[in-house]
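**Q** sequence first, predicted model second:
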Amino acid sequence: MTSCVDTIQDYGLRAIGIGERLLPKSDITLCEQFVLIGSGLLWNIYFGFIALLLGFWLATALALGKNSHLIWLRLPSNWFVFLFRGSPLFIQFFLAYEAFVLLPKVGIEFEIFGTVFAAETRWLTRAWLGALLVLFCNTAAYSAEIFYGALKSIPVGEIEAADSFGMSGTKKFTRIIWPTMLRLGWPSYTNEAIFLFHATALVFFSSFPAWRQKGDALYYASYLADKTFNPFIPYPILAGYFILVTVLIIWIFGCVNRRLNRHLPDSQRPKRPKFQFIR
Amino acid sequence: MFLFCADPAAIEGLTWLSCYLTTGKHMAFYLSFLVVLVLMALAAPAAMLFGFVGALACRSRVAPVRFLGQGYITMVRGIPDIAFFLFVPVALDQAFEFLRHKTFCSETTQPVWRGNEFLVCDAAKLPLGTSPQWVHEIYGFMLALLAFAIVFGAFAGNTLRGAMRAVPDAQLQAAAAFGMTRRQIFWRVHLPQMWVFALPGLSNLWMILVKATPLLFLLGVEDVVYWARELGGSKTSAHSYPHGDWRLWYFLGLLVFYLALTWLSEKFFTKLMARFSFGQATLGGSEAAS
């Protein structure tokens, strides 16, 4: 009989390959279920965090591209957004995986700041890079649509004011257009962040293999449900973890929202962001 | 299918392709697109029903009913839908079998969950072990459908609740001033005016439903994803139509199918919105009227 502390040492970081190699097979305790699913959550947080962080910049670029009067900027942006918003993420995962598998296996070495990095195309067939790439493109497309909508609803007066102050180009964009766009789009963007985090649970159920059983929270939850034939314990644990992280996301984005709206008088500030349930 | 397909090894080019694309398995693949469409056609009204009941429960004057309704329609916010898709069919299956076990085999005293197993007596199995294959497939599809209805019912419930709140209060007060009862106000004034507010959310919901249908694959239904993987995998010369790994092309086909589906839906909902807002006291309505 091992105590729960031992279990945490064995399985706490199992999802990233540290600790016991074999997953528990029989006599699975409640503690093991909590720890294993919790360790899987590390992958969800990794995917969600990195995809959002990088996707944000591409989304801004795409929103500006959609708004551009240059057709060779507008068309590709529109197509990119249509492609990733119009098709199921699940199919995107499958398609990307099959495409990555067919890539020739080559290694690329490149030098950044004097350090040599080696990259292999083989990595694209692994979830940590391949699935991340898909999630990145997906969230960029959805966020681009949100930002584009916000860009369209920036009050004309603010831009006229910027013009009359003699601002132009980069200055007008970084000081006026961009902050206002973020401020207006932020409630919807919060929503998108939550949906993206939920979408990370799909990764190991599309083609991407969970190498050496290093999977995400849902992967372990379904593993435990299969082993114990009792779905009523692992899935509620999973649900609890996801609700916790969702609350955390809402809190973090709420802080940013307050900062974006800090210049407004109290009466004009959105009281509490009204959350949509739909992406 | 065609007469010249009798010997696949002897033909090539377009003829080969036309034979290849009309094999029995490919026909099953084309049929599975129909399964997807049937699922959408059935899941949408079922989800609306669940959502409507959920939204009504939220407005109930009885506190426990209200809490139940609110809990139901807020749960989808924190939990990924795919977790529900994995959980609900298994949980429902076990719940049904457990209930049948209690009614049909009351003489067995052993617990149903024994160690790492879930055991019910043979008479309680769903569907019965003796029933033909198609019953098993229909049962699996029904469980999947129920999972979709529950998840999307929660989404729909939230949309409908928001729409009910959006109906101007003055309309309801006017109805009350005419001496209508609560029930009459709801059915004659509140509900008919609600739809225009609900439509943007519901159209969005339809888009999500369309994009969630490939998840059927995870529920063990032989859907488009299943067949794309099955048919696309490389076939050795032991098969009559040997080919390499063509899964990429099959999934590309699925991608095009879904893009077309969402594109068509978008067109449809734009038209519908224009029609619904006609004559309404909203910005869209005044645009449509002028």
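**A** The structure has been received and is ready for your questions. Numbering: from 1, shown residues only, chains lettered A, B, ... in the order given.

**Q** these two touch, right, A:Leu95 and B:Phe251?
**A** Yes: under the criterion of C-beta atoms under 8 Å, A:Leu95 lies in contact with B:Phe251, with a separation of 4.2 Å. (Glycine included, C-beta is placed from N, CA and C.)

**Q** show me the contacts for A:Glu192.
**A** Applying C-beta atoms under 8 Å, 6 or more residues apart in numbering or on different chains to A:Glu192 gives the contacts A:139, A:142-143, A:146, A:279.

**Q** go again with 6 Å.
**A** For A:Glu192, the contacting residues are A:142-143, taking C-beta atoms under 6 Å, 6 or more residues apart in numbering or on different chains as the criterion.

**Q** in what helix or strand does it lie?
**A** helix A:178-199 (DSSP states H and E).

**Q** B:Asp245 reaches B:Ser234, doesn't it?
**A** Yes: using C-beta atoms under 6 Å as the test, B:Asp245 is close enough to B:Ser234 to be in contact (4.5 Å).

**Q** just for chain B, where's the confidence low?
**A** Residue ranges of chain B with pLDDT under 70: B:1-3, B:106-119, B:122-124, B:126, B:128-129, B:238, B:278-290.

**Q** what's in contact with stretch B:58-68?
**A** Taking contacts as C-beta under 6 Å, 6+ apart, the residues outside stretch B:58-68 that touch it are B:57, B:69-70, B:161.

**Q** and if we set it to 8 Å?
**A** Applying C-beta under 8 Å, 6+ apart, the set of residues contacting stretch B:58-68 is B:57, B:69-70, B:73, B:157, B:161, B:164.

**Q** same thing with stretch A:243-262?
**A** For stretch A:243-262, the external contacting residues (C-beta under 8 Å, 6+ apart) are A:41, A:44-45, A:179, A:182-183, A:186-187, A:189-190, A:193-194, A:197, A:269-270, A:273, A:275, B:77-79.

**Q** averaged over its residues, what pLDDT does it have?
**A** Confidence for stretch A:243-262, expressed as mean pLDDT, is 90.

**Q** then it to CSV, C-alphas only?
**A** Provided in CSV are the C-alpha atoms of stretch A:243-262 (Å, rounded to 0.1, in the frame of the first residue of the first chain):
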residue,chain,number,x,y,z
ILE,A,243,-13.4,24.0,-14.6
LEU,A,244,-10.5,25.1,-12.4
VAL,A,245,-8.3,26.1,-15.4
THR,A,246,-11.3,27.8,-17.1
VAL,A,247,-11.9,29.9,-14.0
LEU,A,248,-8.2,30.7,-14.0
ILE,A,249,-8.3,31.8,-17.7
ILE,A,250,-11.4,34.0,-17.0
TRP,A,251,-9.5,35.6,-14.1
ILE,A,252,-6.3,36.3,-16.0
PHE,A,253,-8.2,37.7,-19.0
GLY,A,254,-10.4,39.7,-16.7
CYS,A,255,-7.2,41.4,-15.3
VAL,A,256,-6.1,42.3,-18.8
ASN,A,257,-9.6,43.5,-19.6
ARG,A,258,-9.5,45.9,-16.6
ARG,A,259,-6.1,47.2,-17.8
LEU,A,260,-7.4,47.7,-21.3
ASN,A,261,-10.4,49.7,-20.0
ARG,A,262,-8.6,51.6,-17.3
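
**Q** how about that stretch: buried residues?
**A** By neighbour count, with 16 or more other C-beta atoms under 10 Å in any protein chain shown as the criterion, the buried positions of stretch A:243-262 are A:245-246, A:249-250, A:253, A:257, A:260.

**Q** among those residues, which lie within helices?
**A** With helices identified by DSSP state H, the entries of these that belong to them are A:245-246, A:249-250, A:253, A:257, A:260.

**Q** could I get those in CSV, plus columns for distance to A:Ala201?
**A** Listed next are those as CSV, based on distance: C-beta to C-beta, whole Å:
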residue, distance to A:Ala201
A:Val245, 11
A:Thr246, 12
A:Ile249, 14
A:Ile250, 18
A:Phe253, 20
A:Asn257, 26
A:Leu260, 29
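
**Q** of those residues, which is the nearest to chain B?
**A** The shortest separation between chain B and any of these is 4.4 Å, and it belongs to A:Thr246 (by C-beta to the nearest C-beta).

**Q** separation between that closest one and A:Leu41?
**A** Note on A:Thr246: its distance to A:Leu41, by C-beta to C-beta, to the nearest Å, is 12 Å.

**Q** the residue nearest the centre of chain A: what's it in contact with?
**A** Among the residues of chain A, the one closest to the centroid is A:Gly48, at 3.0 Å (C-alpha atoms, centre = their mean). For A:Gly48, the contacting residues are A:135, A:193, A:196-197, A:200, taking C-beta under 8 Å, 6+ apart as the criterion.
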